[in-house]
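[1] how would this look folded up:
(3 chains)
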Amino acid sequence: MSWKFDDGTPIYLQIAERIRTQIASGELPPGGKIPTVREIAETAGVNPNTVQRALSELESSALVASERGNGGRFVNDNPDILNKLNHDLARGATVDYIARMRKLGFDKAALTNYLTEFKEEK
Amino acid sequence: MAILETVGLTKAYGKKKIALDDVSLNIESGKIIGLCGPNGSGKTTLIKLAAGLLTPTAGSITIDGMNIGPDTKAVVSYLPDKTFVPEYMKVFAIIDFFREFYADFDMNAAYEMLKRLDIDGSETFKTLSKGTQEKVQLVLIMSRKAKLYLLDEPIGGVDPAARDYILNTIISNYNADSSVIISTHLISDIENTLDEVIFIKYGKLFLHSTSDEIRETHGMSVDAYFREVFKC
Amino acid sequence: MLRKVIKYDLKTRWLPFALIFGFGVIIPILFYAMTGNLDEDLRFTLRLLVGSLGSMVIVVGTFALSLLWLDSDLNGKTSYLISMLPVKFNNLLFSKTLFFFITTLLSFFFALLCMSLSIMNFTPFSEAYNFLELIIQSISSEAGYFIAVALMIRSLLGIVSFYGFVCAGGAFGHLFGTKRKVAEALFEIAVFLIYVLYSIIFNGLVEFSSSTATEIVLYGVDTVVAIAVTVGFFHFTNWVFTKKINVL
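    Predicted structure coming up:
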């Protein structure tokens, strides 16, 4: 029932990351409402203060904003911000991928070849 | 204001056994705190001192600025790791009892929890299984709207599903005006729900930090760090 | 809060006492009915026997129940629950003492009733009454009604005093953690011996008192001593369970 977390990093950062991914994938659409701190805490099996910290993180990077007076939070529908998010996440994934492939012995040239072959296969 | 404050708190039994040694702590409202240490480290002693079942040998302890007494007991909800419900009582009767003596007891919440845990209130406590007895006791303690909850090993003898329910109840009960102290050595199960952790080693305060800080500083989970600190 | 404590003590503890008193009434009646066909002498002897035994069981049983209850709350199974309550210990102590007092008096009444019902003859009551009258008369003849009443009160105080003594024993034991039973026993033996000594001295003084006035003074002093000791016992008990509490 609860979310799984890595041991090495603070949980609030991992929650923030997860929400970022949900936004990028469209699970939490632009302009849409984000569940409350309590709801996330209960679903994730996590301390509400931790969730609060995660959401504050997201607010400071302007991905998430809170409605004045309402208390509810929603996803920023600014296309620039969302593009940047996608870009950041994609970059992160790519860097990871390249590092992993490098470990398997693929240098830059070999990797480019491999990707071309792979594309033709598809 | 601190919900629980201890200054040089010491509890000794005679000259030989020092259960708690010069512990100074400050706990704010709105926190869920893990009190961790091996068996016999002094966790239960600290909790019992806060609950008013023991008196200090030296040092002081206050709850919400008050000295320990009937007034603090009215705002502290304590779950012992022992059976405290008289075994001849029916579950409904002990709920009634709690309602009578604790102004902050929420009867409806108690009935709701019993229903969710599938417990028959008309049963006599003695006839319930150990696990069910522990659940009933937990329901009693969590149905109070207290300022400080002291849970001594709440998840030890309970099945995993109930364990989840208990942690979920703690999370959903959370509010900024109260704090929960969970004493346990099963850290991995509750780690995600903790704001802060306190490590007690041989009766002394070893550490009082946030779980985030432990992860950031040591690059491992609180559970892993605990194992390292208390390695045999 | 005191009212709540009393109400709850009543609610949770009335049954065993009621059972003892109830049996004390039913069994003699049943036994009376069942022994109708026996030989007259045998019949009377048996009924008297059952009456006596029953009376003893009622008094002893009530005593034992009260003391078990006290021990459970102070140092036993219900000590956790009692110490968790947001109630001044004084109130808990008062409620229990009140119950002990009432149930003890009731046990005397039901003991007499048991005897009476066993032999279907209410002489035990009139004999008890006569006995009391005798006491009152023998004193009234000398020193008037006042002492008689004082002596009555002194006896009732004795009941409360005894309970205070047991509470103090429990409290003393509580101070010694796991060795509490031994400590409690030693305390009670010691106090009992002191009491015996005191009684001997007091009775000796009364024997050799030259006038009724001296007697009155002696009894007065005795009453004051009894009150002081009783208060002392309860105060000590309250102190232990408030300032030195150590629920294991």
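
[2] Now chain A against chain C: closest residue?
    In chain A, no residue comes nearer to chain C than A:Asn47, which is 26.7 Å away by Cβ to the nearest Cβ. Using the backbone N, CA and C atoms, a C-beta is placed for each residue, glycine as well.

[3] residues near C:Met56, how many?
    Using other Cβ atoms under 10 Å in any protein chain shown, C:Met56 has 12 neighbouring residues.

[4] Remind me what the helix or strand where it lies packs against, helices and strands.
    Secondary structure assignment for C:Met56, by DSSP states H and E: helix C:40-75. Where contact means 3 or more Cβ pairs under 8 Å, 6 or more residues apart in numbering or on different chains; DSSP states H and E, helix C:40-75 is packed against helix C:2-34, helix C:79-84, helix C:89-119, helix C:145-174.

[5] which one of these lies closest to B:Ala12?
    Among the helices and strands packed on helix C:40-75, the nearest to B:Ala12 by Cβ to Cβ is helix C:145-174 (17.0 Å).

[6] List the contacts of the residue of chain A closest to chain C.
    By Cβ atoms under 8 Å, 6 or more residues apart in numbering or on different chains, the contact list for A:Asn47 reads A:41, B:32, B:171, B:174, B:192-195.

[7] what's the farthest-apart pair in the residues you listed?
    Farthest pair in the contacts of A:Asn47 (Cβ to Cβ) is B:Tyr174 and B:Asn192. Separation: 13.2 Å.

[8] Quick one: residues contacting B:Met2.
    For the record, residue B:2 is Ala, not Met. B:26-28.

[9] Ramachandran angles for it?
    For B:Ala2, the backbone dihedrals (degrees, to the nearest 10) come out as phi -70, psi 140.

[10] So it versus B:Met107, what's the distance?
    To B:Met107, B:Ala2 is 30 Å away according to Cβ to Cβ, to the nearest Å.

[11] that's a strand at B:Phe199, yeah?
    Yes. Under DSSP: H, G, I helix; E, B strand; the rest coil, B:Phe199 falls within a strand.

[12] How many residues are close by it?
    23.

[13] Next: B:Ile190.
    The number of residues near B:Ile190, taken as other Cβ under 10 Å, comes to 25.

[14] Would you agree it is in contact with B:Val180?
    No. Contact criterion Cβ atoms under 8 Å: B:Ile190 and B:Val180 do not qualify, at 10.3 Å.

[15] and whatever helix or strand A:Ala16 lives in, what does it pack onto?
    Per DSSP H and E, A:Ala16 falls inside helix A:11-24. Counting contacts by 3+ Cβ pairs under 8 Å, 6+ apart, helix A:11-24 packs against helix A:48-60, helix A:79-103, helix B:211-218.

[16] one step back: for the contacts of A:Asn47, please prepare TSV with the additional fields pLDDT.
    TSV is the format used below for the contacts of A:Asn47 (pLDDT from 0 to 100):
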residue	pLDDT
A:Ala41	90
B:Ile32	95
B:Ile171	90
B:Tyr174	86
B:Asn192	88
B:Thr193	90
B:Leu194	92
B:Asp195	91
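
[17] Restricted to strands, list those.
    In strands, judged by DSSP state E, the following of the contacts of A:Asn47 are found: B:Ile32.
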